[in-house]
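Asks: Pasted the sequence and its predicted model underneath.
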Amino acid sequence: MGIKGGDDGLVVDKLTRVRRIGQLVDASFSDFTLGGSYDFLYVKPFHGMGSSDIRVPKSISSKFQMGKIKSLKLLCILRIVKNSHLLKRSHLSVGGWNGFWSMVWKLILFNELDTPHLFDIFSSNFYKEDNFKTHYFNKRNYKSSFIAKNSSRELFLSKNLIVMNSNYKHRIETLFKNPNNLIDHLSNKSKYYNNLIILDISSLNNTIDRDFLIKLTNLEKIVSFNGNNLTKIDDSILQSWIINLKLQKWKNLKILYLKNTSISIQSLIEIMSISNNNNLFYIETSINLPHEMIPKNWKKIITNSKLLKYQDGLKFFLINRDLRPDFIQDNNDQITTILLDYKIINSNSEIENNSNHNYEHLNYLLNKAWSLRKNQN
């Protein structure tokens, strides 16, 4: 098995795993600096629905509606859904999940009103419930009454949402390149519910703020980070990560993507060498590392080209399933852990410049964002 020069990307993992080499992805750059300019927490998947537009799936209407006459319970739930943007975490502590808040959440998902903020407050109260869903989605078996308004989002979910133990515990978010306080937001999630984080910023350009790259180690729950194509990731950045790995600050990190970055062979070898004392076991890089320089317990193999086409969330699941079968198990800890899958796309949101009533353009941007995510893999 040979290694083909600079035309292939080297993927490395521990000796007990598999090693792969695959085609590089050409970088696409445009000038920007990652900064906070829109509050992604309150952006809905689709905007513009009024009370008359709130849809009710047949599974609910058949139980709580006779013809056009709605039950009092359903009327109350519909009013809450209409005003769901006003909900606070404390509100959900009263009423219980089964029979009430489960219906509220189902309607929020069904009507594409599930902002990251609403997902957080429902998750913090009900993530342990077996029937708590992260998205309204039936793989290959859609409800006949459900037609997504954000069709690009629904198409992406249909191909990339992970199913674990018949429960959907994989939450996927697509953000524009200027999210406000993203790291602080992700860091605080563990206060309220068990989570792991996948973060992909590979479509961003080489002028990304170095401070952002250094602060990534504050995300102690991160399990997969994709920094492909970011030339700002150099030896000094990698050294800061290595220090934090040694301090067990990035103790959950398992997968690292470093294709088309500015790291050296020496830094790559160093981060591979210290991984024996932490959970990092899979690295993708465009550095063609000679066999004799590969650290102990690591090995390279030819990359399955099909694997390279997967989005990071599904790819994380497949790599762990194939290489770390002990990681995903049928137990309560796994079922109640939410995998937060975030990708920042290389596109301005324009949301901060749009009127709240300019729904047509806003929804166009949101559909476009999910379409870009698919194409920027």
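Replies: Okay, I see it.

Asks: wait, Tyr257 sits on Phe225?
Replies: Yes: look at Tyr257 against Phe225 with Cβ atoms under 8 Å: they come within range, at 6.9 Å. Where you see a C-beta, it was placed from the backbone N, CA and C, and this is true even at glycine.

Asks: Longest helix in the protein, please.
Replies: Across the chain, the longest stretch assigned as helix under DSSP state H is helix 359-375.

Asks: What lies in contact with it?
Replies: 43, 45-48, 149-153, 155-156, 174-176, 203, 311, 343, 345-347, 349-351, 354 (Cβ atoms under 8 Å, 6 or more residues apart in numbering).

Asks: How about the backbone phi and psi for His170?
Replies: phi -110, psi 110 (degrees, to the nearest 10).

Asks: Compute the number of surrounding residues for it.
Replies: Residues lying near His170 (other Cβ atoms under 10 Å) number 23.

Asks: start the count at 39, not 1, going forward
Replies: Okay, residue one is now 39; in that scheme the one you just asked about reads as His208.

Asks: Now do it, the pLDDT please.
Replies: Per-residue pLDDT puts His208 at 91.

Asks: quick one: contacts for the residue nearest to it when sequence neighbours are not counted?
Replies: Residue nearest to His208 in three dimensions, not counting chain neighbours: Ile200, with 4.0 Å by Cβ to Cβ, 6 or more residues apart in numbering. By Cβ under 8 Å, 6+ apart, Ile200 lies in contact with Tyr206, Lys207, His208, Gly351, Leu352, Phe355, Leu377.

Asks: do the same with Asn149
Replies: Residues counted as contacts of Asn149 (Cβ under 8 Å, 6+ apart) are Met87, Asp91, Ile92, Arg93, Val119.

Asks: So among these, where is pLDDT lowest?
Replies: Lowest pLDDT among the contacts of Asn149: Met87, with 51.

Asks: Confirm that Asn163 sits in a helix.
Replies: Yes: counting by DSSP: H, G, I helix; E, B strand; the rest coil, Asn163 is located in a helix.

Asks: ok so, going back, quick one: buried residues of the longest helix of the chain?
Replies: Leu400, Asn401, Leu403, Leu404, Asn405, Ala407, Trp408, Ser409, Leu410, Arg411 (16 or more other Cβ atoms under 10 Å).

Asks: do the same with stretch 282-296
Replies: Asn282, Leu283, Trp288, Asn290, Leu291, Lys292, Ile293, Leu294, Tyr295, Leu296.

Asks: which residues of this structure fall in helices?
Replies: Along the chain, the stretches classed as helices by DSSP H are 96-102, 110-120, 140-148, 154-164, 189-198, 220-226, 248-253, 273-284, 303-312, 343-346, 350-361, 370-373, 397-413.

Asks: between these, which one is nearest to Asn232?
Replies: Taking Cβ to Cβ as the criterion, helix 370-373 is the member of the helices of the chain that comes nearest to Asn232, at 7.6 Å.

Asks: Tell me the pLDDT of Ser99.
Replies: Reading off the model, Ser99 has pLDDT 81.

Asks: same check, this time on Glu308
Replies: 94.

Asks: can you check Ile200 too?
Replies: 84.

Asks: Now it: phi and psi?
Replies: According to degrees, to the nearest 10, Ile200 has phi -80, psi 140.

Asks: same question, Asn298
Replies: With angles defined as degrees, to the nearest 10, Asn298 sits at phi 60, psi 40.

Asks: ok, it touching Lys270?
Replies: No: assessed by Cβ under 8 Å, Asn298 is found out of contact with Lys270, at 11.5 Å.

Asks: I'd like to know which of the contacts of Ile200 is nearest to Asp222.
Replies: Asp222 has its nearest neighbour among the contacts of Ile200 in Leu377, at 20.0 Å by Cβ to Cβ.

Asks: Quick check: closest non-adjacent residue to the closest one.
Replies: Leu377's closest residue in space is His208 (Cβ to Cβ, 6+ apart), at 4.8 Å.

Asks: residues contacting the one you found?
Replies: Thr172, Leu199, Ile200, Val201, Met202, Gly351, Phe355, Ile376, Leu377, Asp379.

Asks: Go through those and flag which are in strands.
Replies: Judged by DSSP state E, strands contain the following of the contacts of His208: Ile376, Leu377, Asp379.

Asks: ok, Gln286 touching Asn317?
Replies: No: counting by Cβ under 8 Å, Gln286 stays clear of Asn317, with 9.9 Å between them.

Asks: got any ranges where the stretch 39-188 of the chain has weak pLDDT?
Replies: 39-75, 86-90, 175-185 (pLDDT under 70).

Asks: so where do the strands sit in it?
Replies: All strands of the stretch 39-188 of the chain, identified by DSSP state E, counting those that start in this stretch, fall at 46-52, 59-61, 103-104, 107-108.

Asks: Overlap in contacts, Tyr295 and Phe263.
Replies: Taking Cβ under 8 Å, 6+ apart as the contact rule, Tyr295 and Phe263 both touch Asp238.
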